[in-house]
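**Student:** Quick one, what's the 3D model for this:
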Amino acid sequence: MTPAQKPIAVTMGEPSGIGGEIMLKSWLRRTDLSVPFVAIDNPDRLRNIARDLGFSVPIETVVDPRCAADLFPDALPVCNIDLPSTPQPGVLNQSNANAAIASIDKAADLAKANSVSAIVTNPIHKHNLYCAGFTYPGHTEYLAHLSGVNKEPVMMLTCDGLRTVPITTHVSLQEAIAELSIERIVSQSRITAQALEQDFGVSAPRLAVAGLNPHAGEDGSIGGEEGRFISPAIDILRQNGLQIFGPLSPDAMFSATTRTTYDAAICMYHDQALIPIKTLDFSGGVNVTLGLPIVRTSPDHGTALDIAGKGIADETSMVAALRMASEIARFRGVTAQ
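**Tutor:** Presented below is the predicted three-dimensional model:
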């Protein structure tokens, strides 16, 4: 870790969830990190969590996150976000929902101003935000809005040895099928290929495309979506010079041998992309938003209200998200002060 590196901004997430705990635990593992981070959070909230869980984590309030590198070896730097109510672990409080949104806003502003090299977002409780008037499906779409991106952003899930991209995300399976189109598959596959080069340093990326139906439809005998949407999209992308193949039978494409033949798997719906990631590495998966002008990663888990405040939350995914954010920022050349 060098003082010349811009810090990563870590958002508050749901104030009553495990975000504060895994952030503090990540600071305690700071020697495992190559880049410092600054919490966009409420200092008193973090002090309370540290006290209640017995963590020795000094909290230092900062106005300018660029001083985080000097402070980070000895204290966790925090840019203040006001909280109307003192959060109770595991108990949602709608009065604090806007603070979670304000933390995302602040982190995005810092990233756009090049004051931080990347954003790592702690998990939010979507329903609590919806009740407060939040109208976006989640972080991915909201950060695209804040970044002024008109194209639909792309969600990638990663772990050691696998990257997956769901073409449809947080919708029912019925809605996911209805949302599939040639245009959507082509657009998101292009963004994925570009990101593999720009953000991961993969030259000539190889994409494998999953079928929707069992056995990838078996030539139309078990569903026609492969013939109507998936194969035509693959043909277009191949004609445009991408190394892409499929549709593959989803039950076979994630074997150890097959995973060595591609750099990312294009999946048709949420669970098709997440199940293999969480099976391979339940604790260490990372969510990456592709197609944004700013770098954003996130732990691949939720708010875990049921274990909040108990000191048993696993910070592995947060540490992995911080490491990946720093790697992507390095590939983009946005780490230096």
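**Student:** ok, residue 63 - contacts?
**Tutor:** Counting by Cβ atoms under 8 Å, 6 or more residues apart in numbering, residue 63 makes contact with residue 79. Any C-beta I mention is one placed from the backbone N, CA and C, and that applies to glycine too.
**Student:** Provide the secondary structure category for it.
**Tutor:** Under the three-state scheme (DSSP: H, G, I helix; E, B strand; the rest coil), the conformation of residue 63 reads as coil.
**Student:** Retrieve the pLDDT associated with it.
**Tutor:** Note for residue 63: predicted pLDDT of 93.
**Student:** what about it, distance to residue 79?
**Tutor:** Distance of residue 63 to residue 79, given as Cβ to Cβ, to the nearest Å: 7 Å.
**Student:** do residue 120 as well
**Tutor:** If you go by Cβ to Cβ, the gap between residue 120 and residue 79 works out to 14 Å.
**Student:** Mutual contacts of those two, please.
**Tutor:** residue 9.
**Student:** So these two - more neighbours on which side?
**Tutor:** residue 120 (28 against 23; other Cβ atoms under 10 Å).
**Student:** Next one, pLDDT for the residue nearest to residue 219 when sequence neighbours are not counted please.
**Tutor:** Among residues not flanking residue 219 along the chain, residue 227 sits closest, at 8.0 Å (Cβ to Cβ, 6 or more residues apart in numbering). Looking at residue 227, its pLDDT is 95.
**Student:** hang on, residue 227 packs against residue 217?
**Tutor:** Yes - with contacts counted by Cβ atoms under 8 Å, residue 227 reaches residue 217, the gap being 6.9 Å.
**Student:** Distance-wise, check residue 123 relative to residue 67.
**Tutor:** Taken as Cβ to Cβ, the span from residue 123 to residue 67 is 27 Å.
**Student:** more crowded one of those two?
**Tutor:** Using other Cβ under 10 Å as the criterion, residue 123 and residue 67 rank with residue 123 on top: 26 against 16.
**Student:** How is the more buried one assigned, secondary-structure-wise?
**Tutor:** Residue 123 ends up coil, using three-state DSSP.
**Student:** Show the pLDDT at residue 317.
**Tutor:** 93.
**Student:** what about it, how many neighbours?
**Tutor:** Count around residue 317 with other Cβ under 10 Å applied: 25.
**Student:** Skipping its backbone neighbours, what lies nearest it in space?
**Tutor:** residue 299 (3.7 Å).
**Student:** before we move on, what about residue 200?
**Tutor:** Using Cβ to Cβ, 6+ apart, the closest residue to residue 200 is residue 331 (6.8 Å).
**Student:** didn't that neighbour look like it was pressed against residue 197?
**Tutor:** No - Residue 331 lies out of contact with residue 197 (Cβ under 8 Å); the separation is 9.1 Å.
**Student:** Between the two, tell me which one has more neighbours.
**Tutor:** Legend: neighbour count by other Cβ under 10 Å for residue 331 and residue 197, higher for residue 331 (17 against 14).
**Student:** give me the element that one is part of.
**Tutor:** Applying DSSP states H and E as the criterion places residue 331 in helix 316-332.
**Student:** helices or strands next to that helix in the packing?
**Tutor:** strand 8-11, helix 19-28, strand 118-120, helix 182-200, strand 286-290, strand 296-299 (3 or more Cβ pairs under 8 Å, 6 or more residues apart in numbering; DSSP states H and E).
**Student:** Let me know the average pLDDT across the fourth one.
**Tutor:** Translated: helix 182-200. Rounded mean pLDDT across helix 182-200 is 96.
**Student:** Show the low-confidence segments of this structure, by residue range.
**Tutor:** Within the chain, the stretches with pLDDT under 70 are 1-5, 335-337.
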